[in-house]
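S.K.: Take a look and give me a structure for this.
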Amino acid sequence: PVSLAAAIGAARESARRARETLSTDIWAAINTTWRGLGSAQAMRPPDMFTWVRNRTAMISGIADSTMSRDEGWQFYMLGRSIERVDMTARLLSTAALASGPQVAWPPTLRACGAYESFIRADRGIEADRQAAEFLLLDRWFPRSIVSSLAEAERALNKLESTGQRSGFSDEAQRLLGRARTELEYRPLADIVFDLPVEMERLQRACAAASDAVSARYFAESEVHTWRGGVLL
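M.R.: Numbering: from 1, shown residues only. Predicted structure coming up:
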């Protein structure tokens, strides 16, 4: 269920169910990607990965230019941001567990589309600590964990309109805010000392936040039926 093919199929099915809320361009891009999956699976793995990245980048670009900034857009940004945090955490954990950091970190940066931005930010210095710091804490790079958490919080703030004066009635907002502040205000050495454990904790926070969003906004209503004069 988490393979590339399954994810593309799930995206197409979700788009089909919400067809009336999507622009024709978005639907066409998603549907064309799904239809092209068979040909892509016959490619060499690096070529298929490039094809998937190009197609998803195109879909994201079309969404950015054609979607109204309403609730649908906020949920889109929220889901994308939480997914980015989770995926970046997994990549960081894998790189930290690799035996040779000089080999592991450049591909990790490239997998996040961060290599050129990292080189410019760190003036060409390639080191595992600086790479981890960039992907964890850089506020200007949109795929860093802190930047993605902040984007998710902004989306939740726009969805949450209770005007509460203190605390957080939204469990997802509390979870994501705590995860972000724990990263931003702790010494980097404490985080990278046992990075896989820290990233696993972050993944659990993302899963809990996702469950909280589902429970708050998408909980299925109970279906009642009458049978023999009894409400079931």
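S.K.: what about Tyr115, neighbour count?
M.R.: In terms of burial, Tyr115 registers 17 neighbours under the definition other CB atoms under 10 Å. Just so you know, the C-beta spots here come from the backbone N, C-alpha and C atoms, and that holds for glycine as well.
S.K.: now it: how far from Trp105?
M.R.: Using CB to CB, to the nearest Å, one gets 9 Å for the distance from Tyr115 to Trp105.
S.K.: swap in Ala189?
M.R.: As judged by CB to CB, Ala189 and Trp105 stand 17 Å apart.
S.K.: Please look at Ala208 and Arg174 and confirm they touch.
M.R.: No - with contact defined as CB atoms under 8 Å, Ala208 does not count as touching Arg174 (9.9 Å).
S.K.: Could you pull up the mean pLDDT of the helix ranked longest in the chain?
M.R.: Among the elements of type helix in the chain, defined by DSSP state H, the one spanning the most residues is helix 71-97. Model confidence over helix 71-97, given as mean pLDDT, is 94.
S.K.: helices or strands up against the helix or strand just after it?
M.R.: Next along the chain after helix 71-97, taking DSSP states H and E as the criterion, comes helix 101-111. Using 3 or more CB pairs under 8 Å, 6 or more residues apart in numbering; DSSP states H and E as the contact definition, the elements that helix 101-111 packs against are helix 71-97, helix 115-121, helix 128-137.
S.K.: quick one: least confident helix or strand in the chain?
M.R.: strand 230-231 (a mean of 52; mean pLDDT, DSSP states H and E).
S.K.: so what's Ala5 up against?
M.R.: Residues in contact with Ala5 (CB atoms under 8 Å, 6 or more residues apart in numbering) are Leu37, Gln41.
S.K.: scratch that, Ala132
M.R.: Going by CB under 8 Å, 6+ apart, Ala132 touches Leu92, Ala95, Ala96, Trp105, Leu188, Val192, Leu195.
S.K.: could you dump those to TSV with neighbour count?
M.R.: Rendered in TSV, the data for the contacts of Ala132 read as follows (neighbours: other CB atoms under 10 Å):
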residue	neighbour count
Leu92	25
Ala95	24
Ala96	20
Trp105	25
Leu188	14
Val192	16
Leu195	18
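S.K.: any idea which of these is the one closest to Arg19?
M.R.: Nearest to Arg19, judged by CB to CB, of those is Leu92 at 36.7 Å.
S.K.: Skipping adjacent residues, who's closest to the closest one in space?
M.R.: Take Leu92 and drop its neighbours on the chain: the residue closest to it by CB to CB, 6 or more residues apart in numbering is Met199, 5.3 Å away.
S.K.: Could you double-check that that neighbour lies in contact with Asp86?
M.R.: No - when contacts are counted by CB under 8 Å, Met199 is not listed as touching Asp86 (9.5 Å).
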